[in-house]
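> Okay, sequence plus prediction incoming.
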Amino acid sequence: MEEKKEVPPAGGGEERPVIIELKDVCKSFEDTRVVRHMNLQVREGEFLTLLGPSGCGKTTTLRMIAGFEQPTSGQLLIEGQDMKGKAPYERNVNTVFQNYALFPHMTVFDNIAFGLVEKKVSKKEIRARVEEMLRLVQLQGFGDRMPSQLSGGQKQRVAIARALVNNPKVLLLDEPLGALDLKLRKQMQTELKHLQKSLGITFIYVTHDQEEALTMSDRIAVMNEGVLEQADIPSRIYEHPVSKFVAEFIGETNIIEAYLDAVDGDCLHATMECGHATIYAPGFVLEEMVYLSVRPENLKCSLTPVPGFAVRGIVREHIYVGNLIKTIIELPTGQMLRMLSLPFTPLAQLGQLVYVYWDKDKAVLMHTKEEKLYNLIESGMLGKEEAL
Ligand SMILES: Nc1ncnc2c1ncn2[C@@H]1O[C@H](COP(=O)(O)OP(=O)(O)OP(=O)(O)O)[C@@H](O)[C@H]1O
Ligand SMILES: [Mg+2]
């Protein structure tokens, strides 16, 4: 997938230098291809999140950057230097794992000091740096405690302090909040993000929680079965997903297959199994199969026909979700569309026939190899102008 050049500035406004670069990196374990042709640049001071479902290759990617795994092919550069054959300790990166991995028989102070003791840093300096770290993660006065005397969130903060005390340029975090309950997780998300910005350290953060990725990251790299599908700023990942996978993985959406069959002013006419629509489709050509992705908050319905649209459905359910109402509309194809609206919007009744539509620029189009509908049209089973 094409890598966008634009990276949001990490705070200063200017574009920072690239600190980590993956060039066509592949990783296989025996016959299984786990990471495929991955190209990614991470800039200094950036908070980049690797996001994707379980088993998509996030940890493996992180382990390659850390030096615990070697790429099967391709190149990994840190600060412009090829890392081939470089051991983890030769890289200016530190890793925080999900299960904190604190030494249970050592105090908090000694856990944090561990890396510095190994490096034979003076006792005086160790004390100063560990105290500074304790302050940074808001655990002043906790130095003498044992890990068993800490809460999950506190343990995780010790793990982060232990990684940060080495002054890494890059911190790799593999689902560091995975073991925490929701409330603590949210609190730690804010703290971590704040810490990262104030220290200016590059974070490569792994999660499979899309909400966490959206709230914390400067940029999100979405992975699917070892393939990097899209790397971009959160708003563009949400508003302009490049693939069906990304659209469905980030937030909720309605995906409808369509065939672009005619020009209509500055728009294209789309034929779907469930009807027709006129859509704004820059960059798309006629006679192409596409997926339309319409977010529930962008879906609308009317009791009367809407110009440019011929999609009808039956209202099946209203679900109250806090301050919004989610309405389920069944299309003649059996597909259930989800629509979000404000509670004061007049609701169509259950079982009522409605005309579904959306603002022309609110449907995101994605290329598809899916030819099911195309075959239906070609075989004459679905007429281009067939009414519902
Ligand atoms: N050492 C290994 N030997 C063989 N297969 C491995 C090894 N490490 C990982 N894999 C496989 O590689 C794939 C990707 O694993 P990875 O741990 O990178 O996924 P992940 O995205 O981190 O998933 P999760 O969200 O569950 O942590 C999985 O199918 C896994 O079984
Ligand atoms: Mg993992």
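Sure, I can see it. Ligands and ions are numbered 1, 2, ... in the order given.
> Low-confidence stretches in the stretch 51-200 of the chain?
Scanning the stretch 51-200 of the chain for pLDDT under 70 picks out 98-100.
> Those residues of it touching ligand 1, which are they?
When proximity is defined by C-beta under 6 Å from any ligand atom, the stretch 51-200 of the chain lies next to ligand 1 at 52, 54-60. For glycine as for every other residue, the C-beta is placed from the backbone atoms N, C-alpha and C.
> Closest to M106 out of the residues you listed?
T59 (25.9 Å; C-beta to C-beta).
> Neighbours of the residue lying closest to that closest one once chain neighbours are set aside, how many?
Once flanking residues are discounted, T59 sits nearest to D174: 5.7 Å by C-beta to C-beta, 6 or more residues apart in numbering. Look at D174: counted by other C-beta atoms under 10 Å, it has 20 neighbours.
> Then S217?
Using other C-beta under 10 Å, S217 has 23 neighbouring residues.
> how about the nearest residue to it, chain neighbours excluded?
T49 (4.1 Å).
> Repeat that for A231.
Per C-beta to C-beta, 6+ apart, closest to A231 is A221, 4.2 Å.
> So which elements touch the host helix or strand of that neighbour?
Assigned by DSSP states H and E, A221 belongs to strand 219-224. Applying 3 or more C-beta pairs under 8 Å, 6 or more residues apart in numbering; DSSP states H and E, we find strand 219-224 packed against strand 47-51, strand 227-232, helix 234-239, helix 244-249.
> okay, these, which one's buried deepest?
Highest mean neighbour count of the helices and strands packed on strand 219-224: strand 47-51, a mean of 26 (counted as mean count of other C-beta atoms under 10 Å).
> beta partners of I256?
L292 (DSSP bridges).
> sorry, back to before: which among the helices and strands packed on strand 219-224 is found nearest to V35?
Nearest of the helices and strands packed on strand 219-224 (C-beta to C-beta): strand 227-232, 8.4 Å.
> Could you spell out the sheet neighbours of that closest one, each with its direction?
In the sheet, strand 227-232 lines up against strand 219-224 (antiparallel) (DSSP bridges).
> Would you state the helices of the stretch 101-250 of the chain in chain order?
For the stretch 101-250 of the chain, the helices defined by DSSP state H, counting those that start in this stretch occupy 108-118, 123-136, 152-164, 182-199, 210-216, 234-239, 244-249.
> Using the record's domain definitions, break the protein down for me.
Following the assignment in automatic domain parsing, the chain carries domains at 18-245, 253-378.
> Ends of the longest one, what's the gap?
Using C-alpha to C-alpha, to the nearest Å, the span of domain 18-245 from its first residue to its last is 28 Å.
> what sits against A221?
The contact partners of A221, by C-beta atoms under 8 Å, 6 or more residues apart in numbering, come to 40, 48-51, 228, 230-231.
> Kindly indicate which of those lies nearest Y205.
Nearest member of the contacts of A221 to Y205, counting by C-beta to C-beta, is T49, at 4.7 Å.
> The stretch 251-388 of the chain: helices as residue ranges?
Going by DSSP H, counting those that start in this stretch, the stretch 251-388 of the chain shows helices at 372-378.
> what residue ranges in it score low on pLDDT?
Looking at the stretch 251-388 of the chain by pLDDT under 70, you get 369-388.
> By proximity to ligand 1, which residue of it wins?
Residue of the stretch 251-388 of the chain nearest ligand 1, by C-beta to the nearest ligand atom: G251 (18.9 Å).
> Could you double-check that that residue lies in contact with Q210?
Yes - using C-beta atoms under 8 Å, G251 is in contact with Q210, at 6.9 Å.
> re earlier: need the winner for burial among the domains of the chain.
Ranked by mean neighbour count under mean count of other C-beta under 10 Å, these are led by domain 18-245, which reaches a mean of 18.
> Tell me which residues touch the spatially most central residue of the chain, please.
Nearest to the mean C-alpha position of the chain, by C-alpha atoms, centre = their mean, lies L51 at 4.2 Å. Neighbour list for L51: 58, 206-208, 210, 213, 220-223, 249-250 [criterion: C-beta under 8 Å, 6+ apart].
> Now distance to G334 too, for the residues you listed, in TSV please.
Output for the contacts of L51, formatted as TSV (distance: C-beta to C-beta, whole Å):
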residue	distance to G334
K58	35
V206	37
T207	34
H208	30
Q210	27
A213	32
I220	33
A221	35
V222	29
M223	31
F249	23
I250	25
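> E46 is in contact with G200, correct?
No - counting by C-beta under 8 Å, G200 does not reach E46; the two are 10.1 Å apart.
> can you give me the strands in the stretch 251-388 of the chain?
In the stretch 251-388 of the chain, the strands defined using DSSP state E, counting those that start in this stretch lie at 254-264, 267-272, 275-279, 288-294, 300-302, 309-321, 324-330, 336-341, 353-357, 364-367.
> For E317, which residues count as its bridge partners?
Taking DSSP bridges, one finds I328 as the beta-bridge partners of E317.
> Leaving out sequence neighbours, find the closest residue to A66.
Spatial nearest neighbour of A66, excluding adjacent residues (C-beta to C-beta, 6+ apart): T95 at 4.9 Å.
> List the contacts of Q349.
V315.
> for it, phi and psi?
Note on Q349: its backbone torsions stand at phi -80, psi 160 [degrees, to the nearest 10].
> what does P176 give?
phi -70, psi -20.
> same deal with L303?
Main-chain dihedrals, L303, degrees, to the nearest 10: phi -90, psi -10.
> sorry, back to before: mind picking the two most distant members of the residues of the stretch 51-200 of the chain next to ligand 1?
Maximum distance among those (C-beta to C-beta): 12.3 Å, for S54 and T60.
> what residues are up against G153?
With contact taken as C-beta under 8 Å, 6+ apart, G153 is in contact with 180, 184, 187-188.
> Residues in a beta bridge with the residue nearest to S217, which ones?
Under the criterion used (DSSP bridges), T49 bridges to Y205, I220.
> and it, what pLDDT?
pLDDT, T49: 97.
> List the contacts of it.
By C-beta under 8 Å, 6+ apart, the neighbours of T49 are 204-207, 212-213, 216-217, 219-221.
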